[in-house]
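**Q** what follows is a predicted structure for the sequence shown.
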Protein chains: 2
Amino acid sequence: MSIRPTSPTRTPTMADVARLANVSVPTVSRVLNGHINVSQGKRERVEDAVRELNFRPSFAARALASARPDGVAVVAGSTSQYGYAETLRGVEESCRREGLSAIISVVESAEDRHVDQVVAQVLSQPVVGVVVLKFDPPGVAVLERLLGRVPVVAVSGTRDTRVSQALLDETRAAEELTDHLLSLGHETVHHVRVPPSRREDGRTTGWRKALKRAGRPVPDVLDASWEPASGRPIGVRLAADPSVTAVFCGNDEVAMGVVRGLTDAGKRVPDDVSVAGFDDHPLSELWTPSLTTAHQDFHGLGVRALGLLKEEVDDPDVAGRLSKERPALVLRESVGPPPR
Amino acid sequence: MSIRPTSPTRTPTMADVARLANVSVPTVSRVLNGHINVSQGKRERVEDAVRELNFRPSFAARALASARPDGVAVVAGSTSQYGYAETLRGVEESCRREGLSAIISVVESAEDRHVDQVVAQVLSQPVVGVVVLKFDPPGVAVLERLLGRVPVVAVSGTRDTRVSQALLDETRAAEELTDHLLSLGHETVHHVRVPPSRREDGRTTGWRKALKRAGRPVPDVLDASWEPASGRPIGVRLAADPSVTAVFCGNDEVAMGVVRGLTDAGKRVPDDVSVAGFDDHPLSELWTPSLTTAHQDFHGLGVRALGLLKEEVDDPDVAGRLSKERPALVLRESVGPPPR
DNA sequence: ATGAAAGCGCTAACAT
DNA sequence: ATGTTAGCGCTTTCAT
């Protein structure tokens, strides 16, 4: 008696459509895939039947039968971080334009079980290739295990000639930003870094390089987490050291925390201390003071990554390409000359 | 001569594993799916073979053969917005814990072609159900077309008793926030809204309700976009009206823009004008002044949504459940009494 | 132009 | 406990 209230309708298959349209199953397939050799009449009957039954072809069956994959796996360590989210959006958009579907899988860490899980998930899906977002330890681990088996492109991180890579020249931009600070008269520049990809990030490298080239002392690096709030106590700490007049932060969010910590401790930005960020987060221009930073086109980065993947799929011999772009400096209010 | 440098190895199938382990294909399947009836010896041989060949079962084939879907489609209008991203993370995490995989598909608008595309994508995949993130026009359109065909739960938006829904009681929270502002002595509260889900958002409704109940004038609503920067000119405009002493914004990001606009125009926050936001964005506590707001647990919202979906899948008769939670007020620096 | 037949890689009966 | 047989819903030959 207590039969489900919802109709027991199976989801329709091609056979149902074929029956209704009075044609064979392959003909339905031809119509759906836009093949040429179908007569006008049958084509219309099939289209009507499809509409009437509200038929949707099964991806699984299609993938199985055609062996022509249509997915792009995107491996990321995080999805809510601003940079990741934007890059992801770039990849996803490009995929959609290409008729591919983006399957995202999150690696929590470089631990074996997490890496295994992601590798399994990726290889179990019919994918044309994979985009590894951020070439950090988890990313590297995943990539290593995927290398000969499926086309892979990496986004960001240190250069690895075995894979195609879409990069932003963070080192160069960080160097310019540091140079800019020094040119304003600061004796040296302190650095607050976000968790590095490997041993060291391009941002940290560029900063160090600029200081060395200018023959300035290289202060100890301060470590923040990805949490914006982690910058706040660091700002407080920096405020206690009167020799600190310029701070370069690994990203804008942490820079905002640092600014807040400095002002908590009574310092004025930029009058007492200059603070630069990195990324050009959408809130950076609204922050008080607005943040001097390096603009990173994350969305474009994702688009370029998919471009590289396509190249590699079309011609597997082109592996190892590099697409590099230079972030542009954005000069705003948070940086000024040192106090006299 | 110019054979591909990479080995021509097909990706291994269960048949390959079976051959290598000298067992039948179903036995391999049994081992992989953890069935009991396999002898120790064969089990080990299979496991070795799997490892040696680096075998990964095909999701497509598995889905096709078992008719037991393992995907959860998440339909979202955006992925980079803070609230969406966090909710998505909640859903994704829960899925992973349940052994499900989250397939996200983005609806760009309520236009037919976009809705069609998403519906097709969702129904073509073997999904146990779908989570529609944000019950806005595109979301409603998608949901409408999915309704009898697959279990659906909605996140946010106005209540629709036909579907299970995970909600945050925005109306109530907005009311409290407005009450709080009034209790401080403000004559009325102005409202800057973000693009509403339908005709009106809970936030706007709550604000209006509180003003009416208190018998206060209800000022015209000002419209911002999702861009934080869109709040800035609105702030400037508000600054020009000396009667404005309190502003309630649809979200924190826009509130930050409004604060910036007000200060651009020479107003002090909260001394001249109080500004409240909504959401408790991670940067709100760092903003100067830190933002008074309503904390929304988006991550938990995603988790609750998947819980509802599971309930509904287990027992289709429980459709139409409601999971509602109240955002907590977070009192910070951006709100104070009106100037005398 | 169209249908019949085979098969993609797996799981689910059904035997034994 | 294990193998044999079907068959999931499609695409792809191959006939016609």
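**A** Here it is on my side, so go on.

**Q** alpha carbons only for contacts and neighbour counts from here, please
**A** Will do.

**Q** the residue of the stretch 151-300 of chain A found nearest DNA strand D: what's it in contact with?
**A** Going by CA to the nearest atom of the strand, DNA strand D is nearest to A:P151 of the stretch 151-300 of chain A, at 20.7 Å. Going by CA atoms under 8 Å, 6 or more residues apart in numbering or on different chains, A:P151 touches A:V128, A:G129, A:V130, A:L309, A:E312, A:V313, A:P316.

**Q** again, only using 6 Å
**A** A:G129 (CA atoms under 6 Å, 6 or more residues apart in numbering or on different chains).

**Q** the least confident helix or strand in chain A by mean pLDDT and chain B, any residue contact?
**A** When each helix and strand of chain A is scored by mean pLDDT, DSSP states H and E, strand A:101-106 comes last, with a mean of 84. No - Strand A:101-106 stays clear of chain B (CA under 6 Å from any CA of the partner chain), getting no nearer than 6.5 Å.

**Q** roughly how far is the host helix or strand of A:E312 from the heart of the chain?
**A** According to DSSP states H and E, A:E312 maps onto helix A:298-314. Helix A:298-314 sits 12 Å away from the centroid of its parent chain (CA atoms, centre = their mean, to the nearest Å).

**Q** show me what the helix or strand just after that helix is packed against.
**A** Heading C-terminal from helix A:298-314, the first helix or strand you meet, by DSSP H and E, is strand A:322-325. The contact analysis (3 or more CA pairs under 6 Å, 6 or more residues apart in numbering or on different chains; DSSP states H and E) places strand A:322-325 against strand A:164-168.

**Q** elements contacting the helix holding A:E312?
**A** Against helix A:298-314 (3+ CA pairs under 6 Å, 6+ apart) you get helix A:82-98.

**Q** give me the contacts around the helix it packs on.
**A** Residues contacting helix A:82-98 (CA under 6 Å, 6+ apart): A:T79, A:S101, A:A102, A:F298, A:H299, A:G302, A:V303, B:S80.

**Q** export only the CA atoms of that helix, formatted as CSV.
**A** Taking Å, rounded to 0.1, in the frame of the first residue of the first chain, the C-alpha atoms of helix A:82-98 are listed here in CSV:
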residue,chain,number,x,y,z
TYR,A,82,41.3,33.9,-3.1
GLY,A,83,44.1,32.9,-5.6
TYR,A,84,43.0,29.3,-5.9
ALA,A,85,39.3,30.2,-6.3
GLU,A,86,40.1,32.6,-9.1
THR,A,87,42.4,30.2,-10.9
LEU,A,88,39.9,27.5,-10.5
ARG,A,89,37.3,29.8,-12.1
GLY,A,90,39.6,30.4,-15.0
VAL,A,91,40.1,26.7,-15.6
GLU,A,92,36.4,25.9,-15.2
GLU,A,93,35.4,28.6,-17.6
SER,A,94,37.8,27.5,-20.2
CYS,A,95,36.7,24.0,-19.8
ARG,A,96,33.1,24.9,-20.4
ARG,A,97,34.1,26.8,-23.5
GLU,A,98,35.8,23.7,-24.8
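
**Q** residue boundaries of the strands in chain A?
**A** Listed in chain order, the strands of chain A (DSSP state E) span residues A:71-76, A:101-106, A:127-133, A:152-155, A:164-168, A:190-193, A:222-223, A:246-249, A:274-276, A:293-295, A:322-325, A:328-330.

**Q** relative to A:D48, which of those strands is closest?
**A** strand A:101-106 (27.0 Å; CA to CA).

**Q** for A:L184, which non-adjacent residue is spatially closest?
**A** A:P337 (5.0 Å; CA to CA, 6 or more residues apart in numbering or on different chains).

**Q** the one you found contacts A:L182, correct?
**A** No - with contacts counted by CA atoms under 6 Å, A:P337 stays clear of A:L182, the gap being 9.0 Å.

**Q** overlap in contacts of these two?
**A** Counting by CA under 6 Å, 6+ apart, nothing touches both A:P337 and A:L182.

**Q** and stretch A:106-116, how far from the chain's centre?
**A** 17 Å.

**Q** what does it rub up against?
**A** Outside stretch A:106-116, the residues that reach it (CA under 6 Å, 6+ apart) are A:V75, A:A76, A:G77, A:P137, A:P138, A:V142.

**Q** mind redoing it with 7 Å?
**A** A:V75, A:A76, A:G77, A:S78, A:V118, A:P137, A:P138, A:A141, A:V142 (CA atoms under 7 Å, 6 or more residues apart in numbering or on different chains).

**Q** poorly predicted segments of chain A, please.
**A** A:1-9, A:135 (pLDDT under 70).

**Q** up against chain B, what does it have?
**A** Applying CA under 7 Å from any CA of the partner chain, we find that chain A lies next to chain B at A:56-61, A:63-64, A:80, A:85-86, A:103, A:120, A:123-125, A:228-229, A:256-257, A:260, A:283, A:286, A:288.

**Q** for DNA strand C, tell me which of these show up nearby.
**A** Taking CA under 7 Å from any atom of the strand as the test, DNA strand C is in contact with A:A61, A:L64 out of the residues of chain A next to chain B.

**Q** all the helices of the stretch 151-300 of chain A, in order from the start?
**A** For the stretch 151-300 of chain A, the helices defined by DSSP state H, counting those that start in this stretch occupy A:170-183, A:202-213, A:231-239, A:252-264, A:298-314.

**Q** highest average neighbour count across those?
**A** helix A:252-264 (a mean of 27; mean count of other CA atoms under 10 Å in any protein chain shown).
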